[in-house]
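>>> Fold the stuff below for me.
(4 chains)
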2 protein chains.
Amino acid sequence: MELARAGGPDAVVLREATRIVGVVPNAAYRHFADRDELLAEVCTAAMHELADRMAAGIARVRGKRGNPAAAQRRLGAIGAAYLEFARAEPGLFATAFAVPRQHEYAARDTTDRTPLGLLCAALDELVEAGVLDPQRREGIEYPIWSLVHGTAVLTGRGPLRDASDAELRRIEARTLTFIAAGLA
Amino acid sequence: MELARAGGPDAVVLREATRIVGVVPNAAYRHFADRDELLAEVCTAAMHELADRMAAGIARVRGKRGNPAAAQRRLGAIGAAYLEFARAEPGLFATAFAVPRQHEYAARDTTDRTPLGLLCAALDELVEAGVLDPQRREGIEYPIWSLVHGTAVLTGRGPLRDASDAELRRIEARTLTFIAAGLA
DNA sequence: ATATCTAGTGGACAGTGTCCACATTGTTAT
DNA sequence: ATAACAATGTGGACACTGTCCACTAGATAT
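Down below sits the predicted model:
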């Protein structure tokens, strides 16, 4: 995690990890089949950290469940937390989505410890609060996730990474209003 | 490019490239400062190939410039071409966005050979055709790009990579309708 | 014809993932 | 209590990578 936080998935190198722990390189092979398995576990840990930050963002919003305004603010908090995590921890964020080929993604299940799960819960609450038409609800989690994720990627490591802070803020704001437009 | 196409940015390894060309590894250093510079050039080439496919998709749509229906179909063609390139050439697609830290992104300028440039042109045509309110036009290229890019990433290398073909098709369709909703 | 410039060669080094055989434990079974 | 065992770690090795250095053959320019 230390290495991933500092330099992304490519920086999690087996020998360096064992050096930090204070053992000889081969000792790692008692715990992981190979480097990819080690990386895979760092990835799910990073994904969990992302989910935890999102959950913290949600918890910070006051208001009873089902309250329309609160439900909307909670959805906004999710997106904001996602984007802030990507900005504050670019290494971990990149690592969370760098799961090696043949390893499973823990993020797909709709548990409460995954981004998708949290997003779905927030959308369900929007329906419950009467803000979102149940007709529109079905499957809308994917474009919303894509939109926020795309923004994070393009402005983080991607082509928009050199944009000024002001520009970034404007882009993020537009992202969130675009979501609002898609929900109405 | 051969290596990137087959295995993404990590697969473009200097020694293997020189082996393909038929020279000794060190010969590469007469043309590139280091491996990152080589990779950077492969990245911009991949980005250009993406832009070319998008341009081809646009060209395939008949209809005069300024015609509302044609303008809308052109925008759709852009998104579809982007997503199809990501699916058909996952290696090149990943490489296009894997530009090393200290190297410039050729994709940022609004030329006609970049994804952003093509997207902006299509949006301008929408305004010209009277389909898109000029008020809404400003800066809307970013959320749209993010949405399509996010979909490509999540369904390609990301958490949604194991989704069935049918599911993928549904997700992509929802992405495009979500854009339409954001434009209205 | 001589000097310079370009692309390539050969040899080396440190760093990486991974394999093998072996040593040291702490736990369990008899 | 002792013997078998599983877990963890060690040491040495190998192929592969990016990169540095000194050197060379051919083309070009003066």
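>>> Is stretch A:150-164 in proximity to chain B?
Yes - using CB under 8 Å from any CB of the partner chain, stretch A:150-164 reaches chain B at A:150-151, A:153-154, A:157-162. C-beta: built from backbone N, CA, C; applies to glycine.
>>> For the longest helix along chain A, list every residue counted as buried.
Longest helix in chain A by number of residues (criterion: DSSP state H): helix A:35-59. Using 16 or more other CB atoms under 10 Å in any protein chain shown as the test for burial, helix A:35-59 gives A:35, A:38-47, A:49-51, A:53-55, A:57-58.
>>> what residues are up against the residue lying farthest from the centre of chain A?
Distance from the C-alpha centroid of chain A, by CA atoms, centre = their mean, peaks at residue A:24 (33.5 Å). If you count contacts by CB atoms under 8 Å, 6 or more residues apart in numbering or on different chains, residue A:24 has them with residue A:18.
>>> before we move on, back to that, so does the longest helix of chain A get close to DNA strand C?
Yes - residues of helix A:35-59 are located near DNA strand C by CB under 7 Å from any atom of the strand, namely A:35-36.
>>> Any chance you could list what contacts that helix?
Everything outside helix A:35-59 that qualifies as a contact, by CB under 8 Å, 6+ apart, is A:1, A:3-4, A:9, A:12-14, A:17, A:28, A:31-32, A:74, A:77-78, A:80-82, A:84-85, A:89, A:92-93, A:95-103, A:106-107, A:112-115, A:117-118, A:122.
>>> ok, is it in contact with DNA strand D or not?
No - judged by CB under 7 Å from any atom of the strand, helix A:35-59 stays clear of DNA strand D, getting no closer than 12.5 Å.
>>> what about that helix, average pLDDT?
Average pLDDT, helix A:35-59: 97.
>>> rewinding a little: helices - which of the contacts of helix A:35-59 land there?
The members of those that map onto helices under DSSP H are A:3-4, A:14, A:17, A:74, A:77-78, A:80-82, A:84-85, A:92-93, A:95-96, A:115, A:117-118, A:122.
>>> near DNA strand C, from the residues you listed?
residue A:14.
>>> which among the ones in helices among the contacts of helix A:35-59 end up buried?
Here, 16+ other CB under 10 Å leaves A:3-4, A:14, A:17, A:74, A:77-78, A:80-82, A:85, A:92-93, A:95-96, A:115, A:117-118, A:122 buried among those.
>>> returning to what we had before: with neighbour count and secondary structure added, can I get the residues of stretch A:150-164 next to chain B in CSV?
As requested, the residues of stretch A:150-164 next to chain B are exported to CSV (neighbours: other CB atoms under 10 Å in any protein chain shown; DSSP: H, G, I helix; E, B strand; the rest coil):
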residue, neighbour count, secondary structure
A:150, 25, helix
A:151, 30, helix
A:153, 25, helix
A:154, 23, helix
A:157, 18, coil
A:158, 22, coil
A:159, 24, coil
A:160, 21, coil
A:161, 16, coil
A:162, 10, coil
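>>> of all the residues you listed, which comes closest to DNA strand D?
residue A:157 (19.3 Å; CB to the nearest atom of the strand).
>>> which residues touch the closest one?
Counting by CB under 8 Å, 6+ apart, residue A:157 touches A:90, A:94, B:97-98.
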